[in-house]
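Enquirer: When you get a sec, could you give me coordinates for this:
(chains A, B, C, D, E and F)
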Protein chains: 4
Amino acid sequence: MKTKDIILATAKEMISEVGFHKATTANLAKMANISEGTIYRHFESKEDILLHILDALEESFSYYIEAIRQKLDRDDCSIEEIMNEYFSFVEDNEIDMKIMLSTYGLLDSSKRLMAVFLKNLELVLEDCIKLGVKKGTIRDVAVEENATVVMTIIFGLTRMQLYWPDRRDVRAEAVEFCRRSILN
Amino acid sequence: MKTKDIILATAKEMISEVGFHKATTANLAKMANISEGTIYRHFESKEDILLHILDALEESFSYYIEAIRQKLDRDDCSIEEIMNEYFSFVEDNEIDMKIMLSTYGLLDSSKRLMAVFLKNLELVLEDCIKLGVKKGTIRDVAVEENATVVMTIIFGLTRMQLYWPDRRDVRAEAVEFCRRSILN
Amino acid sequence: MKTKDIILATAKEMISEVGFHKATTANLAKMANISEGTIYRHFESKEDILLHILDALEESFSYYIEAIRQKLDRDDCSIEEIMNEYFSFVEDNEIDMKIMLSTYGLLDSSKRLMAVFLKNLELVLEDCIKLGVKKGTIRDVAVEENATVVMTIIFGLTRMQLYWPDRRDVRAEAVEFCRRSILN
Amino acid sequence: MKTKDIILATAKEMISEVGFHKATTANLAKMANISEGTIYRHFESKEDILLHILDALEESFSYYIEAIRQKLDRDDCSIEEIMNEYFSFVEDNEIDMKIMLSTYGLLDSSKRLMAVFLKNLELVLEDCIKLGVKKGTIRDVAVEENATVVMTIIFGLTRMQLYWPDRRDVRAEAVEFCRRSILN
DNA sequence: GATGAATGAGTCTTCATTCAT
DNA sequence: GATGAATGAAGACTCATTCAT
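Expert: Here you go, the predicted structure:
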């Protein structure tokens, strides 16, 4: 494992656990078993580390969205699929997601990325609902508003899952909840 | 207005706007038109200020819960009422809510208070659903799981509302969404 | 003596002796018997200290120039007087002058101030020579060019005096040198 | 061009442009298209590079002085010749001269070399004036003091020329100025 | 000879907290 | 109660130098 990746991995762990501010360069260096100076050989600044983490997450997310889009194009995608795949995505990117959520307000990039998440999730849900309404599998509800509601539910659920892992996992019930509400 | 309240009010504004870390005691003193030393005559530490803010919020929340409970006792409370009243509560305590949400992860007290919010909201929803099921106004769904789902929706929605005020307000649609899902 | 003045005085001494770079905030604090933090209560940055020193020097210089100008207005000023008074000025502001000369190249303000010195000295010499030529006490030489030459001599001499105090003091001979060259 | 010479040439350029402190080994390596480690294969330290530059300048200067000395021995040298040849010397060694002048105060070697410049210039001027006085071409002035004055003028002029290249060039007028003052 | 990653001491700066007045 | 100057520990970052390859 390259030093840069060690730094990145250690930083991910630290930031997700104690937050960006308490993840100091001194602690990071100690935990990664490198010197503080080495951090700056691989990253321009402490913020730059965060940027790299967020960039990687953005790329991962774009793949998820791309996969959903392809299914939508093949007319082969349901709300529950979007939800479940997103739940999987979050599980696979747990640490990065926590970092994005916890650095919102600290960094423009973080806020921007979160907007990308919200917008894209909303758009695929819109398209999916539109399709469902046309096919008759989904009730004739206001498309945009309901897409936003479902997006909000998804987002709220994953946040709960990430930050309160001890709580009852209701993702499956949430899917059912949505099905009952908008499926014919 | 007493000095202590001036400090509290100024701190609220600053913390909700720039976050706990960037709200320095120096800035706080300047904005409150007092000296830095005075802060420490009224509070033990910077963290202590936050604690006071959270305590006040907890008290406000307890009134809200109490009101709901009384309605429940009179058998006079619906899911939408709980939701709408909570939305009102959040609107009335916008700044404090933002502070709680943004200091989660920084302070144990903050996390504890949030657990109080989640738990209480969940409990009243549970009772409300139980009652509804008994009365036949609500479908025969798993009570606890659905209470958790609705709670998650409510919580996700208010966070969205607080942090993305520019986004479409879908609180009314969300209420409808829930009604369709669990009402008979 | 106020803390700010203690810092300023200590900084002057240190910078003039070891240079701006080696005059670290840690050393400054130690030598001034204060903590490093105190420096930043009185100055915005290390550079800001230097700026204060240069500003004070600029003000002192403006008084010197003003005095010369008044003499010129009264038609009561000779080249040797300008030279001797400037030598006195430099002696009185020895440390500050050394700082200006040694921070040239580090700071725009320093370069700017030096330009002020050169220009003003040059201008009063020009006026003085012009007057002398008119009165017939000075030979009919190119005014501007000779003013520049004399200014350069003065400036070179004072630098030598400041940085090589062990060298033979030839300020008096330099005055004579100039008199022989341009006086009738 | 050998690696050592590339380093030397690049260092000269950098140091004269941005100063010794801002000319970091990292930048130097980058600009010279070598690795940082290579610098230390050819020089003991960053300071050592400066030493080499100064040594080379000292050697060049010794040739200039040697040439003047030979003319003096042939009784074939005037003050203006010494001045003009020195001006040429400085023009030919502009960068090195700037480095010496700007590192004075940073390095003992630099100060020592400057003393060599001053002393040698002074000595040849002394001998030249002595000769002139004997031959009757120069007035009967105090030899040593006037040598020092002329040396100071020369040194001040070249510094001005190097650091304020935009200023009016008065080297020719300065020569005239000196001629008027001490020539018969 | 050359590389370039790694080092760690040192730099400026910030900020919650204390205390004499 | 109030002040505000002083503190000092800790923060992010820099850079000359080393060393295994």
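Enquirer: Go ahead and list the helix or strand containing the residue nearest the centre of chain A.
Expert: With distances taken as Cα atoms, centre = their mean, A:Met97 lies nearest the centre of chain A, 4.9 Å away. Per DSSP states H and E, A:Met97 falls inside helix A:94-103.
Enquirer: and that helix, what's its mean pLDDT?
Expert: Mean pLDDT, computed over helix A:94-103, is 96.
Enquirer: Would you mark the buried spots in the next helix or strand after that helix?
Expert: Next along the chain after helix A:94-103, taking DSSP H and E as the criterion, comes helix A:108-135. Within helix A:108-135, the residues that count as buried by 16 or more other Cβ atoms under 10 Å in any protein chain shown are A:109-111, A:113-114, A:117-118, A:120-129, A:131-133. C-beta coordinates here come from the backbone N, C-alpha and C atoms, glycine included.
Enquirer: Show me how far helix A:108-135 is from its chain's centre.
Expert: Using Cα atoms, centre = their mean, to the nearest Å, the mean C-alpha position of helix A:108-135 is found 12 Å from that of the whole chain.
Enquirer: One more: stretch A:97-117?
Expert: Centroid displacement of stretch A:97-117 relative to its chain, using Cα atoms, centre = their mean, is 10 Å.
Enquirer: what about that stretch and DNA strand E, any contact?
Expert: No. No part of stretch A:97-117 sits near DNA strand E under the criterion Cβ under 7 Å from any atom of the strand; the closest distance found is 12.8 Å.
Enquirer: Now do that stretch: everything it contacts.
Expert: Contacts to stretch A:97-117, defined as Cβ atoms under 8 Å, 6 or more residues apart in numbering or on different chains, come from residues A:12, A:15-16, A:19-20, A:47, A:50-51, A:53-54, A:57-58, A:61, A:90, A:155, A:158-159, A:162-163, B:19, B:102, B:105, B:163.
Enquirer: at 7 Å instead, please
Expert: A:12, A:15-16, A:19-20, A:47, A:50-51, A:53-54, A:57-58, A:61, A:90, A:159, A:162, B:19, B:102, B:105 (Cβ atoms under 7 Å, 6 or more residues apart in numbering or on different chains).
Enquirer: hmm, back to that, and the angle for the helix holding A:Met97 with helix B:94-103?
Expert: Angle of helix A:94-103 versus helix B:94-103, following axes from the mean of the first three to the mean of the last three Cα atoms, to 10 degrees, is 140 degrees.
Enquirer: Tell me which residues of helix A:94-103 come out buried.
Expert: Applying a neighbour-count criterion of 16+ other Cβ under 10 Å, one finds A:95-103 buried in helix A:94-103.
Enquirer: what's the closest of the residues you listed to chain B?
Expert: Nearest to chain B among the buried residues of helix A:94-103, counting by Cβ to the nearest Cβ, is A:Ser102 at 5.6 Å.
Enquirer: Now do stretch A:23-38: distance from first to last residue.
Expert: Stretch A:23-38 has an end-to-end distance of 16 Å (criterion: Cα to Cα, to the nearest Å).
Enquirer: Is there any residue in that stretch that contacts chain D?
Expert: No. Figure legend: stretch A:23-38 not in contact with chain D (Cβ under 7 Å from any Cβ of the partner chain); closest approach 11.7 Å.
Enquirer: Noted, bye for now.
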